[in-house]
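Colleague: task: produce atomic coordinates for the following.
(chains A and B)
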Amino acid sequence: MVSPAHYVALSVILFVIGAVGVLVRRNAIVIFMCVELMLNAVNLAFVAFARMHGNLDGQVIAFFVMVVAAAEVVVGLAILTSIFRTRRSASVDDASLLKY
Amino acid sequence: MTGSVAGGHASSAAVMTALQAVGIQRAAWLLLAFPLAGAAILLLSGKRTNSWGHLVGVAMPVLAFCYGVAAFIAMLGYPASQRARDMTLFTWINVGRFHVTIGLLLDPLSISFVLLITGIGSLIHIFAVGYMSHDPERRRFFGYMNLFVAAMLLLVVADNYLALYVGWEGVGLASYLLIGFWQYKPTAATAAKKAFIANRVGDAGLSLAIMLMFATFGSVTFLGVFPAAGGASHTVQTALGLLLLLGACGKSAQLPLQSWLLDAMEGPTPVSALIHAATMVTAGVYLIVRSNPIFNLSPDARLAVTVVGAATLLFGAIIGAAKDDIKKALAGSTMSQIGYMTLAAGLGPAGYAFAIAHLLAHGFFKAGLFLGAGSVKHEMNDEVDMRRFGGLAKIMPITFVTFLFGYLAIIGVPPFSGFFSKDPIIEAAFDKGGASGAILGSAALLGAGITAFYMTRVMFMTFAGERRWEENAHPHEAPSVMTWPMIVLAVGSLGAGGFLILDNRLVTFLAPVVGTPPASHGIFTAPAIASLALVAAGAAIAWAMYGRREVPVRAPAGRFATVAARKDLYGDAINESVLMRPGQWLTRLSVYFDNRGLDGLVNTLAAAMGGTSGRLRRLQTGFVRSYAAAMFLGAVLLVGALLLVKI
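Modeller: Just a heads-up that it's a prediction; the model follows:
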């Protein structure tokens, strides 16, 4: 029997993989994918809790998260494209002009 | 305090009341409107009025004088107790308990001043038409002169101290503008500033007195303050008296604020005449006499007034005796004569009327003397050094005779003005009794002797003896527009004193305002005879030194006393060492403290902030991943803290 704890454990594993990816990878596209992974890890937890409580609140939130993630990807990829056009690089470490 | 004054209080001091002005006196605002309009026309209209501006400038004080005479005649029609007439023009300030109306008070005291200011002022204006005829800025000059007259008239007809103060400051402003009229001369510009600053010191005294009045009595009107003054504590009464005295010292050039008067000679001569005879220096005496109900209550303040007066009358006379500049010699004499008036005013009801009598008589002869000096200066290419004059009596007979009349009046030869108006002051000083009376009286007597000396010296050096002129001097008699005012003033120098004093005319006239002095002992009293003897001695010494002997063109080195008197008895040096130097040290110290102390504190604080933020800002590396790591760390800490709190 798969208990909610299993789902939560999987969610945590996925979230940590995503978080580590965001922190260690330089390629902006990979970072994006890691962010998506984190969001989906959270979605998984939401859906699991919704199932556990027997109501739809968690599922509704998961939809919201997906919508936000889609919007974020649209804006993020647009910025990324324009950065790539000007700098010929998708590395986030190269875009470090805004500093002290 | 001694007998005559102490006993005289209850019976002789006047009680201040005023009825509503009616009839022609309701138009008293005309007194201010005429000269103000003149000043406005002349100063605002620019060059357009250059050709006829001086006529407006003369007409306005003359019109004011005509109105003054009409108001005076109307006043004489009232019984003595009803001669003080008040009228309210408008409400000036109305805030909470502070309620100030601008009102005009016509009473025997103010009308005396009105007639003096407008009468003598008009004559000086007429003289100035001739004197300033070659000056391209004559129109501006007359504008300032009218402003001067307007401010002085406001000073004397105001029915409260605040409006008086406005006139007081107006006089200060006008004197500044006129003393510095030839402002392209650095000496004139400096003299104007000096007069203004010395006056500010006195003004501070007057303004503090007004504030104290409001704080104590809740009123600044004469009618509000004087009846209430008796209820105030002795300290307040004395403080008021001393503060008013400080104000009077500034305007009237009394010790210790005397230093500006001699430098004020940098102005055109008609200005000197106006300042010394009709306006400005008389304001201080007016202030003391007007505030007589306050001074009556404080013997200490009155003693201070007499001491100031006696010291100044000797101080001025000694300076006058050493000056070679004819105008400065006359300026010293003004200081001295105002000292007599201040001395008299400090004697209380015994002296107020005599102070005013001497002031009015002095107005005639001092204006006459200054116009005479101006006439000489005008004809001698602006030379003022008496050592370059001499032998002018034959060249300028009218100037000589009018000057002679003024001379005889100021040294007090009977039957000229000064004899009648000065001797009651000496007599009243002796009548004060006690040691102080004897000292004050002796000072006044001695002053009379010195006056005779320096005025005789002026006469001999200017009009008698050899001609010591510069080569290019071609003096001749002044034009009639200048001589006529001098002739009128000479007649006044002859008659004014006797007219005012004999028969107690002025004393009776002023009695409702300033109280009655004790009955006179007659004309040829012991002090009067002593003063005549001293006058004869002074004149004889002057004749021996300057009439019998040749006057050297170059001033001899002189002994210690002469040198000191030439330097105004070190008045400027004292001001410099006592006030200016410590003041400069104080500013330097303040600047140092400001730079090092206050600025240092603020600058250190700012530098510390700057340094800290300079280091903190290194955290903004621009690497997105470091920001992300920081966010994660923060989130973890937050969650950890929440868990910790929950458990």
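Colleague: all helices of chain A, in order?
Modeller: A:4-24, A:28-53, A:57-87 (DSSP state H).
Colleague: would you mind giving those as CSV with mean pLDDT added?
Modeller: Formatted as CSV, those follow (pLDDT from 0 to 100):
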stretch, mean pLDDT
helix A:4-24, 93
helix A:28-53, 93
helix A:57-87, 92
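Colleague: to chain B, which of these lies closest?
Modeller: Evaluated over those, closeness to chain B peaks at helix A:4-24, with 5.5 Å, by CB to the nearest CB. Just so you know, the C-beta spots here come from the backbone N, C-alpha and C atoms, and that holds for glycine as well.
Colleague: anything in the closest one near chain B?
Modeller: Yes. If you take CB under 8 Å from any CB of the partner chain as the test, helix A:4-24 does meet chain B, through A:19, A:22-24.
Colleague: most neighbours, which of these?
Modeller: The residue in the residues of helix A:4-24 next to chain B with the most neighbours, by other CB atoms under 10 Å in any protein chain shown, is residue A:22 (23 neighbours).
Colleague: hang on, the earlier thing: need the helices of chain A in CSV (columns: distance to residue B:556).
Modeller: Formatted as CSV, the helices of chain A follow (distance: least, CB to CB, whole Å):
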stretch, distance to residue B:556
helix A:4-24, 104
helix A:28-53, 104
helix A:57-87, 97
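Colleague: how about the residues of chain A near chain B?
Modeller: Checking chain A against chain B by CB under 8 Å from any CB, the hits are A:19, A:22-24, A:26, A:92-93, A:95-100.
Colleague: how about the nearest residue to the closest residue to chain A within chain B, chain neighbours excluded?
Modeller: Nearest residue of chain B to chain A: residue B:622, at 3.0 Å (CB to the nearest CB). Once flanking residues are discounted, residue B:622 sits nearest to residue A:99: 3.0 Å by CB to CB, 6 or more residues apart in numbering or on different chains.
Colleague: and that neighbour, what does it touch?
Modeller: B:620-622 (CB atoms under 8 Å, 6 or more residues apart in numbering or on different chains).
Colleague: quick check: phi and psi on residue B:552?
Modeller: Taking degrees, to the nearest 10, you get phi -70, psi 140 for the backbone angles of residue B:552.
Colleague: so who does it touch?
Modeller: Here residue B:552 is in contact with residue B:387 (CB under 8 Å, 6+ apart).
Colleague: quick one, grab the pLDDT at the residue of chain A found nearest chain B.
Modeller: Using CB to the nearest CB, the closest approach of chain A to chain B is made by residue A:99 at 3.0 Å. For residue A:99, the model assigns a pLDDT of 80.
Colleague: again with residue A:3
Modeller: At residue A:3, the pLDDT recorded in the model is 86.
Colleague: number of nearby residues for it?
Modeller: 10.
Colleague: got it, and residue B:130?
Modeller: 21.
Colleague: where are the low-confidence patches of chain B?
Modeller: For chain B, the stretches flagged by pLDDT under 70 are B:1-16.
Colleague: just give me the longest helix of it.
Modeller: helix B:186-217.
Colleague: hey, C-alpha coordinates of the helix or strand following that helix in PDB?
Modeller: Downstream of helix B:186-217, the first helix or strand assigned by DSSP states H and E is helix B:222-229. Written as PDB, here are the backbone C-alpha positions of helix B:222-229 (Å, rounded to 0.1, in the frame of the first residue of the first chain):
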ATOM      1  CA  PHE B 222       0.300 105.400  26.200                       C
ATOM      2  CA  LEU B 223      -3.200 105.400  27.700                       C
ATOM      3  CA  GLY B 224      -2.900 101.700  28.600                       C
ATOM      4  CA  VAL B 225       0.600 101.700  30.000                       C
ATOM      5  CA  PHE B 226       0.900 105.000  32.000                       C
ATOM      6  CA  PRO B 227      -2.000 104.600  34.400                       C
ATOM      7  CA  ALA B 228      -1.000 100.900  35.000                       C
ATOM      8  CA  ALA B 229       2.700 101.700  35.500                       C
END
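Colleague: contacts for helix B:222-229 next, please.
Modeller: B:15-18, B:86, B:105, B:159-161, B:213, B:216-219, B:237, B:240, B:290, B:293-294, B:297.
Colleague: that one vs helix B:186-217, what angle?
Modeller: If you take axes from the mean of the first three to the mean of the last three CA atoms, to 10 degrees, helix B:222-229 sits at 60 degrees to helix B:186-217.
Colleague: ok, and for helix B:222-229, which residues are buried?
Modeller: Buried residues in helix B:222-229, counted by 16 or more other CB atoms under 10 Å in any protein chain shown: B:222-226, B:229.
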